[in-house]
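K.L.:
When you get a sec, could you give me coordinates for this:
(2 chains)
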Amino acid sequence: GAGVSQSPSNKVTEKGKDVELRCDPISGHTALYWYRQRLGQGLEFLIYFQGNSAPDKSGLPSDRFSAERTGESVSTLTIQRTQQEDSAVYLCASSLTLAGEGYEQYFGPGTRLTVT
Amino acid sequence: KNQVEQSPQSLIILEGKNCTLQCNYTVSPFSNLRWYKQDTGRGPVSLTIMTFSENTKSNGRYTATLDADTKQSSLHITASQLSDSASYICVVTKNDYKLSFGAGTTVTVRA
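P.N.:
Numbering: from 1, shown residues only, chains lettered A, B, ... in the order given. Reported below is the predicted structural model:
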């Protein structure tokens, strides 16, 4: 079956521009996560959506970052006024639910963002 | 300071040989510890998941161990293959959904 998909796969933008990254989770997965992976570093949690609950935005590094999710489907991560330190791979993951066996997270291939 | 530390940062092994990767963590309490494999340009893929009470878990040629007392885990790769070349990431879950990721160990298998 289809896995988690992300688009675009690569994005090069000029400093100061806004970018929008898209994630399509696995159908039926209620939980969706965004992570950032800088070169040579571990993944950093950004934001988490679970069903209709209020998202956990505690990992967003600044107010230039925001994310939306429509129901239990597609999510978009928006970065406004991009800075060079925003350059990273942005990974999206989804999971069936929080509890028990359903908690396995499935990752998309990521979007590589380069801010020049 | 990262709560999950992995070593070595990278290693090179010959095809058919074994290797062991280390993970030390300070996350406490934790609900589970996972090892992921991340191929270049791809998202991480889960290899093993261990709860607090488990001390070993295997997935084919991959065997993970966990010592919750010393807060250490290892991933052993047996009879390595060229396709094992990847980054291996140790991940500790503190609560239901927040995961702490190690920086990974890059394994290169050479023929």
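K.L.:
May I have the beta-bridge partners of the residue most central in space within chain A?
P.N.:
In chain A, the C-alpha nearest the mean C-alpha coordinate belongs to residue A:34, at 2.9 Å (CA atoms, centre = their mean). Here residue A:34 sits in beta bridges with residue A:47, residue A:92, going by DSSP bridges.
K.L.:
And for residue A:56?
P.N.:
When residue A:56 is checked against DSSP bridges, its beta-bridge partners turn out to be residue A:48.
K.L.:
Isn't it up against residue A:46?
P.N.:
No. With contacts defined as CB atoms under 8 Å, residue A:56 does not count as touching residue A:46, sitting 9.7 Å away. Using the backbone N, CA and C atoms, a C-beta is placed for each residue, glycine as well.
K.L.:
For those two, indicate the residue with more neighbours.
P.N.:
Between residue A:56 and residue A:46, counted using other CB atoms under 10 Å in any protein chain shown, residue A:46 has the larger neighbour count: 21 against 16.
K.L.:
Now the residue in chain A that chain B sits nearest to. Nearest residue, chain neighbours left out?
P.N.:
Each residue of chain A has a distance to chain B, by CB to the nearest CB, and the smallest belongs to residue A:107, at 3.0 Å. The shortest distance from residue A:107 to any residue that is not its chain neighbour, by CB to CB, 6 or more residues apart in numbering or on different chains, is 3.0 Å, and that residue is residue B:43.
K.L.:
so how many other residues sit close to residue 57?
P.N.:
Going with chain A. As a burial measure, residue A:57 scores 13 neighbours (other CB under 10 Å).
K.L.:
Correction: the question concerned chain B.
P.N.:
As a burial measure, the neighbour count of residue B:57 was computed by other CB under 10 Å and equals 19.
K.L.:
what's across from residue A:76 in the sheet?
P.N.:
When residue A:76 is checked against DSSP bridges, its beta-bridge partners turn out to be residue A:22, residue A:68.
K.L.:
can you tell me how far it sits from residue A:36?
P.N.:
If you measure residue A:76 against residue A:36 using CB to CB, to the nearest Å, the figure is 15 Å.
K.L.:
Between these two, tell me which one has more neighbours.
P.N.:
residue A:36 (22 against 14).
K.L.:
Outside of the host helix or strand of that one itself, list whatever touches it.
P.N.:
Element membership for residue A:36, per DSSP states H and E: strand A:31-37. Where contact means CB atoms under 8 Å, 6 or more residues apart in numbering or on different chains, the residues beyond strand A:31-37 that reach it are A:23, A:25, A:43-51, A:61, A:67, A:69, A:75, A:77, A:88-98, A:105, A:110, B:97, B:101.
K.L.:
6 Å - rerun?
P.N.:
The contact list for strand A:31-37, computed with CB atoms under 6 Å, 6 or more residues apart in numbering or on different chains, reads A:25, A:43-50, A:67, A:69, A:75, A:77, A:88-95.
K.L.:
can you list the residues of chain A near chain B?
P.N.:
Residues of chain A lying close to chain B (CB under 6 Å from any CB of the partner chain) are A:41, A:42, A:43, A:45, A:48, A:91, A:98, A:104, A:107, A:108, A:109, A:110.
K.L.:
could the residues you listed be laid out in CSV, adding neighbour count?
P.N.:
Listed next are the residues of chain A next to chain B as CSV, based on neighbours: other CB atoms under 10 Å in any protein chain shown:
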residue, neighbour count
A:41, 14
A:42, 21
A:43, 27
A:45, 18
A:48, 23
A:91, 26
A:98, 15
A:104, 13
A:107, 22
A:108, 23
A:109, 18
A:110, 25
